[in-house]
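> what's the 3D shape of this:
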Amino acid sequence: MADFDVIVVGRGAGNTNAVLAMRHGLSVDDVAETVHAHPTLSKALEAAFREVTRQ
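Here you go, the predicted structure:
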């Protein structure tokens, strides 16, 4: 198991898998074996905006 450091800057930076992983002391292996939801919120919003603008 490897430890890791992450720097996240910007709006919503605290809402990342990296922050959650560090808070709970997870390793890189733990995160790699986690199911990651897709699409992300930003991709879902992009798809919604694109759909609205097609009308």
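
> in what helix or strand does Glu46 lie?
helix 41-53 (DSSP states H and E).

> packing partners for that helix?
Applying 3 or more Cβ pairs under 8 Å, 6 or more residues apart in numbering; DSSP states H and E, one finds that helix 41-53 contacts no other helix or strand. The C-beta positions use only the backbone N, C-alpha and C, and glycine is treated the same way.

> Can you point out the buried residues in it?
For helix 41-53, a neighbour-count test (16 or more other Cβ atoms under 10 Å) marks nothing as buried.

> same check, this time on stretch 11-27
Along stretch 11-27, these residues count as buried under the neighbour rule (16+ other Cβ under 10 Å): Ala18, Ala21, Leu26.

> State the distance from the first one to Val31.
When distances are taken as Cβ to Cβ, to the nearest Å, Ala18 and Val31 turn out to be 8 Å apart.

> Tell me where the chain is predicted with low confidence.
Within the chain, the segments meeting pLDDT under 70 span 1-4, 6, 8, 12-16, 36, 55.

> For it, which segments count as helices?
Counting by DSSP state H, the segments of the chain that form helices are 17-23, 28-32, 41-53.

> got these as a markdown table, with distance to Asp5 columns?
As requested, these are exported to a markdown table (distance: least, Cβ to Cβ, whole Å):
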| stretch | distance to Asp5 |
| --- | --- |
| helix 17-23 | 8 |
| helix 28-32 | 11 |
| helix 41-53 | 23 |
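
> looking at those helices, which is closest to Arg11?
helix 41-53 (10.6 Å; Cβ to Cβ).

> Centre of the chain to that closest one, how far?
Computed by Cα atoms, centre = their mean, to the nearest Å, the chain-centroid distance of helix 41-53 equals 17 Å.

> Contacts for that helix, please.
Contacts of helix 41-53 with the rest of the structure, by Cβ atoms under 8 Å, 6 or more residues apart in numbering, involve Pro39.

> Alpha carbons of that helix, in PDB - could you do that?
Taking only C-alpha atoms (Å, rounded to 0.1, in the frame of the first residue of the first chain), the coordinates of helix 41-53 have been written out as PDB:
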ATOM      1  CA  LEU A  41     -21.200  15.900 -11.600                       C
ATOM      2  CA  SER A  42     -19.400  18.300 -14.000                       C
ATOM      3  CA  LYS A  43     -19.900  15.900 -17.000                       C
ATOM      4  CA  ALA A  44     -23.600  15.300 -16.100                       C
ATOM      5  CA  LEU A  45     -24.100  19.100 -16.000                       C
ATOM      6  CA  GLU A  46     -22.300  19.500 -19.300                       C
ATOM      7  CA  ALA A  47     -24.600  16.900 -20.900                       C
ATOM      8  CA  ALA A  48     -27.700  18.600 -19.400                       C
ATOM      9  CA  PHE A  49     -26.600  22.000 -20.700                       C
ATOM     10  CA  ARG A  50     -25.900  20.600 -24.200                       C
ATOM     11  CA  GLU A  51     -29.300  18.900 -24.200                       C
ATOM     12  CA  VAL A  52     -31.100  22.200 -23.300                       C
ATOM     13  CA  THR A  53     -29.200  24.200 -26.000                       C
END
